[in-house]
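# Below is the structure, and that's it, no one-letter string:
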């Protein structure tokens, strides 16, 4: 028996199964005492190893997806933002929008939880085994500009498009560099109806011409980003400033609702479907 156990131990080492190796002795003692069957022993050893590998995969996935610091839906204070429908976020966490290649827009004033929710949904996607990448709009455009300068733009676009979910954060916070709007359009166009996105912005769609410095490109962007879209408006005060409300001028404590305009109409023959998706509420 000891020779067989030694052989199993050597195999676990060779297969790089450290958690199963750690559990081997205890599992064998339980097996010898008749506390479990041989099949149950195998199941326990494999479960230990599988759990360890899933944990490592998840941790590495969160890191490479740039979802650090990690946020969760459970950690979001829905009571602080009563305008937000919790059930819609829970529905999004089922990740069906990724399978459909849809775009989720999280709109609202700074500090209302847009980035938290975008990151949390990204974490859920990583947990389910999907490839995710998160960056601010400024970072995305900077990567595209450098790739174009180095003659590697197609390669960079393929990098972004390998991800099932692309999260572009902080649209409207910083001015877009010259030429950046056109490059971002190329990215959006390459993912259109193929890959899901989550976009966060403190600016209404009517302001995107100003944000991108080019009303024509902004219209073309919205033409694609609103075709299969889920728009979630978050109203209210900044969660980060909740402990310092008395120090914030009263007129800045609440900000007017960001109301999205109707989706832009395409020239020429309209597509078969042309609706703003409200399946989540």
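Perfect, I can see it now. What you see is a predicted model, and the numbers here were worked out from it, not measured in a lab. Numbers count the residues shown, from 1 in each chain.
# Show me what counts as buried in the helix or strand containing residue 185.
Per DSSP states H and E: residue 185 is located in helix 180-191. Neighbour-count burial for helix 180-191 flags 180, 181, 182, 183, 184, 185, 187, 188, 191 (criterion: 16 or more other C-beta atoms under 10 Å). For glycine as for every other residue, the C-beta is placed from the backbone atoms N, C-alpha and C.
# packing partners for the helix or strand that residue 62 is a member of?
Assigned by DSSP H and E, residue 62 belongs to helix 38-64. Of the remaining helices and strands, those touching helix 38-64 by 3 or more C-beta pairs under 8 Å, 6 or more residues apart in numbering; DSSP states H and E are helix 18-32, helix 114-127.
# highest average neighbour count across those?
helix 114-127 (a mean of 22; mean count of other C-beta atoms under 10 Å).
# can you give me the angle it makes with helix 38-64?
140 degrees (axes from the mean of the first three to the mean of the last three C-alpha atoms, to 10 degrees).
# related to what we said a few turns ago, export the buried residues of helix 180-191 to a markdown table and tack on pLDDT and distance to residue 78?
Output for the buried residues of helix 180-191, formatted as a markdown table (pLDDT from 0 to 100; distance: C-beta to C-beta, whole Å):
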| residue | pLDDT | distance to residue 78 |
| --- | --- | --- |
| 180 | 96 | 35 |
| 181 | 97 | 35 |
| 182 | 97 | 39 |
| 183 | 98 | 36 |
| 184 | 98 | 32 |
| 185 | 98 | 35 |
| 187 | 98 | 32 |
| 188 | 98 | 30 |
| 191 | 97 | 30 |
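# from those, which is closest to residue 21?
residue 191 (43.2 Å; C-beta to C-beta).
# Look up how far residue 162 lies from that closest one.
Distance from residue 191 to residue 162, counting by C-beta to C-beta, to the nearest Å: 11 Å.
# Relative to residue 56, how far out is the spatially most central residue of the chain?
The residue lying closest to the centre of the chain (C-alpha atoms, centre = their mean) is residue 122, at 2.6 Å. From residue 122 over to residue 56 the distance is 18 Å, taken as C-beta to C-beta.
# Okay, buried residues for stretch 218-228 please.
218, 220, 221, 222, 223, 224, 225, 226, 227, 228.
# Next secondary structure element downstream of the strand or helix carrying the third one?
In this assignment (DSSP H and E), residue 221 forms part of helix 215-225. Of the helices and strands lying after helix 215-225 in sequence (DSSP H and E), the nearest is strand 229-233.
# Just name whatever secondary elements that next one is in contact with.
Identification of packing neighbours for strand 229-233 by 3+ C-beta pairs under 8 Å, 6+ apart yields helix 86-92, strand 103-107.
# Just send the ones you listed back as JSON lines, with mean neighbour count and distance to residue 78 too.
Output for the helices and strands packed on strand 229-233, formatted as JSON lines (neighbours: other C-beta atoms under 10 Å; distance: least, C-beta to C-beta, whole Å):
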{"stretch": "helix 86-92", "mean neighbour count": "16", "distance to residue 78": "5"}
{"stretch": "strand 103-107", "mean neighbour count": "24", "distance to residue 78": "14"}
